[in-house]
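K.L.:
Got a predicted model here, sequence first, then my questions.
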Amino acid sequence: MTHLFPRNQAGMTLVEVLVATVIIGIGLMALLAAVPVGIGGMQTGLQESTAIYLAQDKMERIKSWSLSTSANPVQQGFGTILPAGTCFAAGGACATDNYGTIALYPGYRRVVTVLADPGSPATRTRVTVQVFYTPRGDNVQTAERQVTVSTVLALHQ
């Protein structure tokens with residue numbers, strides 16, 4: 001009669017079990033070492049996505065300002081989007097937002113730059129919004145980073 005398992009097989013020895021345990025332990029330690037790197041990458045992505053959102057939000061406010069004909073509380077419109085224009089005055093869409101002044105986003109600041117587009121300065125303006133932030137991870141601050149969004153606004157006549 002044949003047996004399913006030969007009777008002389010003794011199984012795994014203690015040394016084999018210990019070696020397998022060490023190999024599995026090393027593999028688990030390598031996986032656990034990668035977790036902080038992954039979390040840091042997620043934090044960096046979150047901060048950069050937030051900066052892009054804030055730049056696009058500012059750009060949309062400037063576009064809206066340029067299309068408005070409102071004079072209350074200050075004159076708005078395409079002609080006011082220039083360095084000395086009302087768009088850059090306090091409360092204007094182009095005004096600089098310093099650290100701690102953007103509601104819900106104290107770790108970010110925004111700067112708007114406006115230049116006449118060389119093609120036809122009277123009817124086109126290049127608007128650039130830069131959002132700056134300082135990445136923070138493991139209670140260590142690194143150099144300030146920035147995200148830039150730029151567009152050309154054109155006056156339709």
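P.N.:
Sure thing, it's come through.
K.L.:
Which strand or helix spans residue 28?
P.N.:
helix 14-67 (DSSP states H and E).
K.L.:
Show me what that helix is packed up against.
P.N.:
strand 108-116, strand 124-133, strand 136-137, strand 145-154 (3 or more C-beta pairs under 8 Å, 6 or more residues apart in numbering; DSSP states H and E). For glycine as for every other residue, the C-beta is placed from the backbone atoms N, C-alpha and C.
K.L.:
how far is that helix from where the chain is centred?
P.N.:
13 Å (C-alpha atoms, centre = their mean, to the nearest Å).
K.L.:
Between strand 108-116 and it, find me the angle.
P.N.:
Taking axes from the mean of the first three to the mean of the last three C-alpha atoms, to 10 degrees, one finds helix 14-67 and strand 108-116 inclined to each other by 40 degrees.
K.L.:
ok so, going back, lowest-confidence stretch among the helices and strands packed on helix 14-67?
P.N.:
Of all the helices and strands packed on helix 14-67, mean pLDDT reaches its minimum on strand 136-137 (a mean of 70).
K.L.:
Just give the number of residues close to the nearest residue to residue 110 once chain neighbours are set aside.
P.N.:
Using C-beta to C-beta, 6 or more residues apart in numbering and skipping residues adjacent in sequence, the residue nearest residue 110 is residue 97, 4.3 Å away. Applying other C-beta atoms under 10 Å, we find 17 residues neighbouring residue 97.
K.L.:
Give me the distance between residue 97 and residue 129.
P.N.:
10 Å (C-beta to C-beta, to the nearest Å).
K.L.:
So for these two, which residues contact both of them?
P.N.:
58, 110 (C-beta atoms under 8 Å, 6 or more residues apart in numbering).
K.L.:
ok so, going back, dump the helices and strands packed on helix 14-67 to TSV, plus mean neighbour count and distance to residue 36.
P.N.:
TSV is the format used below for the helices and strands packed on helix 14-67 (neighbours: other C-beta atoms under 10 Å; distance: least, C-beta to C-beta, whole Å):
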stretch	mean neighbour count	distance to residue 36
strand 108-116	18	24
strand 124-133	19	21
strand 136-137	13	9
strand 145-154	15	20
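K.L.:
want to try JSON lines for these, with distance to residue 30 as columns?
P.N.:
Shown next, in JSON lines, are the helices and strands packed on helix 14-67 (distance: least, C-beta to C-beta, whole Å):
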{"stretch": "strand 108-116", "distance to residue 30": "36"}
{"stretch": "strand 124-133", "distance to residue 30": "32"}
{"stretch": "strand 136-137", "distance to residue 30": "21"}
{"stretch": "strand 145-154", "distance to residue 30": "30"}
